[in-house]
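Peer 1: no sequence for this one, just the structure:
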């Protein structure tokens, strides 16, 4: 059973950097935005270039754990949906922690997965919000990492992935709202990973790490649903990048020092505007996850590097400063965060049983942990919510990969079921 710790507030000194210490609160320190986490290396990349790599072909030692190698052909381009294959990635053939969800403008959810055998990209989609599901459709080439998903201002989904052999970023987008996808095309040179955010006016912004130096670069759409600016250097070396959004739609970026795993953050000074200086936000942490609740407050979840206990901090109000860290749970093997029609939920994997537990947001904090999976999962579940605008109905989904490699799903009909009554047993989603 995942140990429950009541939401007691922790007062932590900036010197408490032991490996089993909780993440630390941010300080008032500010610094050069270009430097960011880690020591700055070299000068900023000039605008207009579509390459974020240095001169060396040597891969960085700190390769992201979710990235994998492959010798698959990278010339594949898929048009309107690809080739239907009802079986898709079979049982035991889905890479753990490689599931991603997206939501169409009409509220239908799409699920993307990498096949374990060759890391080709596959997807399934709802035929109607809360309705039946398509078979598996091949949606792209072999990918090195879980894809990133963005949404254009006009509602069209756009996918970004790192192809397995060249490690270049490629992208594909819906050619019409709720419609099929373009072929895959090159977006940039090699990268360690890619993350997508959105400005208040709907312009997407992409963040990626240089695979040699781990410096962070960004590129943004020049106009909503339009073309892209050149890459610019956003921060120094980082171990990971996570993006949050404030209630006024200002983005906030969290990044980790690659050596110490300390957390730094920066935020847009106004909607659609530039960025504040980087500040030290927390001490060493693992598995950063950001979510925004129904009231517009951001929440950050992280695990202690030593004990893997789960900690949580939130804004004191929408667009407001951050409060103090509090311990939310005992040891876990990983966490995920999702927003449903009722509020924010955090999911954690018990390290001994691999069963998934949930704690959901209440008026006074987060509720007691309760078990939501009936079988062990390799990684935390991936949430997704479909929405029927005509009837005002939500359907929340949880997608997971079992320790045997089978894709499974649970769901919650929030207008018919009891609150947080996830469907049991989880059903096979492999075919």
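Peer 2: Done, it's in. Just so you know, these numbers come straight off a predicted model, no measurement behind them.
Peer 1: so where do the helices sit in this protein?
Peer 2: Remark: helices of the chain are absent; assignment by DSSP state H.
Peer 1: how far is the longest strand seen in it from where the chain is centred?
Peer 2: The single longest strand within the chain, with elements called by DSSP state E, is strand 393-401. The chain centre lies 16 Å from the centre of strand 393-401; the measure is C-alpha atoms, centre = their mean, to the nearest Å.
Peer 1: number the residues from 603 up from this point.
Peer 2: I'll keep to 603 as the first residue from here, and by that count the last item is strand 995-1003.
Peer 1: which other helices and strands contact it?
Peer 2: For strand 995-1003, the elements it packs on are strand 984-990, strand 1009-1015, judged by 3 or more C-beta pairs under 8 Å, 6 or more residues apart in numbering; DSSP states H and E. (Glycine included, C-beta is placed from N, CA and C.)
Peer 1: return the residues in contact with residue 775.
Peer 2: 754, 758, 759, 760, 761, 783, 784 (C-beta atoms under 8 Å, 6 or more residues apart in numbering).
Peer 1: looking at those residues, spot the one nearest residue 767.
Peer 2: Lowest distance from residue 767 to the contacts of residue 775 (C-beta to C-beta) belongs to residue 761, with 18.1 Å.
Peer 1: so what's the closest one closest to, chain neighbours aside?
Peer 2: residue 774 (4.9 Å; C-beta to C-beta, 6 or more residues apart in numbering).
Peer 1: my guess is that neighbour contacts residue 789. True?
Peer 2: No. The pair residue 774 / residue 789 is not scored as a contact, 9.6 Å apart, by C-beta atoms under 8 Å.
Peer 1: between the two, who's got more neighbours?
Peer 2: The residue with more neighbours, out of residue 774 and residue 789, is residue 774; 24 against 21, by other C-beta atoms under 10 Å.
Peer 1: so what's the more buried one up against?
Peer 2: 680, 741, 742, 760, 761, 783, 784, 785, 786, 787.
Peer 1: tell me what the fourth one is bridged to.
Peer 2: It refers to residue 760. Beta-bridge partners recorded for residue 760 (DSSP bridges): residue 752, residue 775.
Peer 1: give me the pLDDT for it.
Peer 2: pLDDT for residue 760: 98.
Peer 1: with the second one instead?
Peer 2: Residue 741 carries a pLDDT value of 96.
Peer 1: roughly how far does it sit from residue 710?
Peer 2: Applying C-beta to C-beta, to the nearest Å, the value for residue 741 to residue 710 is 15 Å.
Peer 1: more neighbours, these two?
Peer 2: Per other C-beta under 10 Å, whichever of residue 741 and residue 710 has more neighbours is residue 741, with 24 against 21.
Peer 1: neighbours of residue 782, how many?
Peer 2: Neighbour count of residue 782, defined by other C-beta under 10 Å: 12.
Peer 1: quick one on the thing from earlier: tell me how far the residue nearest to residue 761 lies from residue 742.
Peer 2: 6 Å.
Peer 1: figure out how far stretch 833-850 is from the centre of its chain.
Peer 2: Distance, centroid of stretch 833-850 to centroid of chain: 12 Å (C-alpha atoms, centre = their mean).
Peer 1: to clarify, my last question referred to stretch 916-928.
Peer 2: The chain centre lies 21 Å from the centre of stretch 916-928; the measure is C-alpha atoms, centre = their mean.
Peer 1: do stretch 954-967 as well
Peer 2: With C-alpha atoms, centre = their mean, you get 19 Å for stretch 954-967.
Peer 1: swap in stretch 876-894?
Peer 2: Distance, centroid of stretch 876-894 to centroid of chain: 14 Å (C-alpha atoms, centre = their mean).
Peer 1: start and end of that stretch, how far apart?
Peer 2: With C-alpha to C-alpha, to the nearest Å as the measure, stretch 876-894 spans 21 Å from end to end.
Peer 1: in that stretch, which residues are buried?
Peer 2: By 16 or more other C-beta atoms under 10 Å, the buried positions in stretch 876-894 come out as 877, 880-894.
Peer 1: same thing with stretch 998-1009?
Peer 2: Buried positions in stretch 998-1009, judged by neighbour count with 16+ other C-beta under 10 Å: 998, 999, 1000, 1001, 1002, 1003, 1004, 1007, 1008, 1009.
Peer 1: the third one is in contact with residue 979, isn't it?
Peer 2: So the one you mean is residue 1000. No. In terms of C-beta under 8 Å, residue 1000 does not count as a neighbour of residue 979; the distance is 9.5 Å.
Peer 1: report the set of residues contacting both of the two.
Peer 2: The contact lists of residue 1000 and residue 979 share residue 958, where a contact means C-beta under 8 Å, 6+ apart.
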